[in-house]
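Novice: 3D model of this:
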Amino acid sequence: MIAHKIPVTVITGFLGAGKTTIIRNLLQTAGGKRIALIINEFGDLGVDGEVLKGCGEETCTQDDIVELTNGCICCTVADDFVPTITQLLGRENKPDHIVIETSGLALPQPLVNAFNWPEIREQVTVDGVVTVVDSRAVGNGQFVEDVEKINQQRVADEALDHESPLEELFGDQLTCADMIILNKADLVEEKVLADIEADINGRVKSSVKLLRASNGSLPASVLLGLEADSQDDMHNRLSRHDQYHHDHDDEEPHHSHEHDHDDFVNFVVEPGAVGEKNSFTSSLDSIIEEHDILRLKGFVEVKNKPMRLVVQAVGSRIDSYFDREWAPDETPATRLVVIGLEGLNQQAVASAIEAAARQAG
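Specialist: Sure, this is the predicted structure:
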């Protein structure tokens, strides 16, 4: 990890799935973080930008919103997207985070691969790809609620250079994701939702987090900070052209959740210094699985080490790395933020983490 790189979240999904609502909720819970938006929902031009500009948040001023109106973003990477990113990076007041809303017709892989271009790869990293699924449409045997509107969008986009059927695009959006949001879950019967989840779980890697949402009610703490470096992992996210179905015989089962905005809890655990980092992170992995923790992130003081250890976990994926030396004015300490769903036994989780720290010496 290179600490100075600006993280980018790519939010993909068909027109009408709820991408704009999710972004608006994200902005309202960003905690003062300066977020730049690149909007490319071609066929609904002007609508998304005006909605987001009216959200009243300092994190989404008009200067921080760029609308790409020349067509599908994956088809205009060189002419449209790369210059836009370069311009954002050249600003004096650089954003803390960049969020990209793709066109529903966009293939996510070419866009994510663009972050390996020399002009931008040293300055930004893809924090994560979030795919938004219209649960009600999928439950009704479609991928979008208004197929005719998608067809009109396809015809209107003169830059579109691929004829991917909706089923193929849907598969590509899933296999490229780090997190999948089943939006409009409140409008679908439980059995139908369970069938949708089972189908999606059979197409994606076990490390992909699958969440349910109503009205796109997901806070920034859940969507941002995945640290997936997705641009380095595209070879493991094959599109339908190469590999549509995956073999999951040896993988762990997925966990999915139904929740609303207020159903998330987060708390801090400060278990003290640890002696053996690998032992500690391995124990964290077990604790996360046992208690079905959604996110865990923070810093760890490792005994006899001048550098602080960063720990970042999303579902079953846990990463750790030393990022820098503790500053002279800092008191080394272990401080972990745990994010889960309402009902998570906070005391049990805290006790388990504290025990893990003691056992790690």
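Novice: Residue ranges of each domain in this structure, please.
Specialist: What the record gives for the chain is the domain set 6-257, 262-359, from automatic domain parsing.
Novice: Residue 193 sits in which helix or strand?
Specialist: Taking DSSP states H and E as the criterion, residue 193 maps to helix 190-201.
Novice: what comes up buried for that helix?
Specialist: For helix 190-201, burial by neighbour count (16 or more other CB atoms under 10 Å) applies to 192-193, 196-197, 200-201. (Each C-beta comes from the backbone N, C-alpha and C, glycine too.)
Novice: re earlier: using a markdown table, lay out the domains of the chain together with mean pLDDT.
Specialist: Output for the domains of the chain, formatted as a markdown table (pLDDT from 0 to 100):
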| stretch | mean pLDDT |
| --- | --- |
| domain 6-257 | 75 |
| domain 262-359 | 86 |
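Novice: Please identify the most buried of these.
Specialist: The highest mean neighbour count among these, using mean count of other CB atoms under 10 Å, belongs to domain 6-257: a mean of 19.
Novice: where do the strands sit along the stretch 1-150 of the chain?
Specialist: 6-12, 35-39, 65-67, 97-101, 124-134 (DSSP state E, counting those that start in this stretch).
Novice: any idea where the helices of the stretch 51-200 of the chain begin and end?
Specialist: 82-89, 108-113, 135-139, 147-156, 166-175, 190-201 (DSSP state H, counting those that start in this stretch).
Novice: Now distance to residue 16 too, for those helices, in TSV please.
Specialist: Formatted as TSV, the helices of the stretch 51-200 of the chain follow (distance: least, CB to CB, whole Å):
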stretch	distance to residue 16
helix 82-89	24
helix 108-113	18
helix 135-139	8
helix 147-156	7
helix 166-175	12
helix 190-201	17
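Novice: Nearest to residue 184 among those helices would be which one?
Specialist: helix 135-139 (4.7 Å; CB to CB).
Novice: can I get the CA coordinates of that closest one in PDB?
Specialist: Provided in PDB are the C-alpha atoms of helix 135-139 (Å, rounded to 0.1, in the frame of the first residue of the first chain):
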ATOM      1  CA  SER A 135     -33.500  -6.900  -6.500                       C
ATOM      2  CA  ARG A 136     -37.100  -6.400  -7.600                       C
ATOM      3  CA  ALA A 137     -36.100  -6.500 -11.300                       C
ATOM      4  CA  VAL A 138     -34.000  -9.600 -11.000                       C
ATOM      5  CA  GLY A 139     -36.800 -11.200  -8.900                       C
END
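Novice: Of the buried residues of helix 190-201, just say which sits nearest to residue 84.
Specialist: Closest to residue 84, out of all of the buried residues of helix 190-201 and judged by CB to CB, is residue 200, at 31.1 Å.
Novice: any idea how far residue 138 is from the closest residue to residue 124 other than its chain neighbours?
Specialist: Spatially, and ignoring its direct neighbours in sequence, residue 124 is nearest to residue 6 (4.8 Å; CB to CB, 6 or more residues apart in numbering). According to CB to CB, to the nearest Å, residue 6 stands 33 Å off from residue 138.
Novice: what's near enough to touch the closest residue to residue 33 other than its chain neighbours?
Specialist: Leaving aside its chain neighbours, residue 33 sits nearest to residue 96 (4.6 Å; criterion: CB to CB, 6+ apart). Listed by CB atoms under 8 Å, 6 or more residues apart in numbering, the contact partners of residue 96 are 6, 33-35.
Novice: OK, contacts around the nearest residue to residue 314 once chain neighbours are set aside?
Specialist: Leaving aside its sequence neighbours, residue 314 sits nearest to residue 226 (CB to CB, 6+ apart; 5.3 Å). When contacts are counted by CB under 8 Å, 6+ apart, residue 226 touches 9, 127-128, 178-179, 314.
Novice: From residue 126, how far out is residue 226?
Specialist: Taking CB to CB, one finds residue 226 at 9 Å from residue 126.
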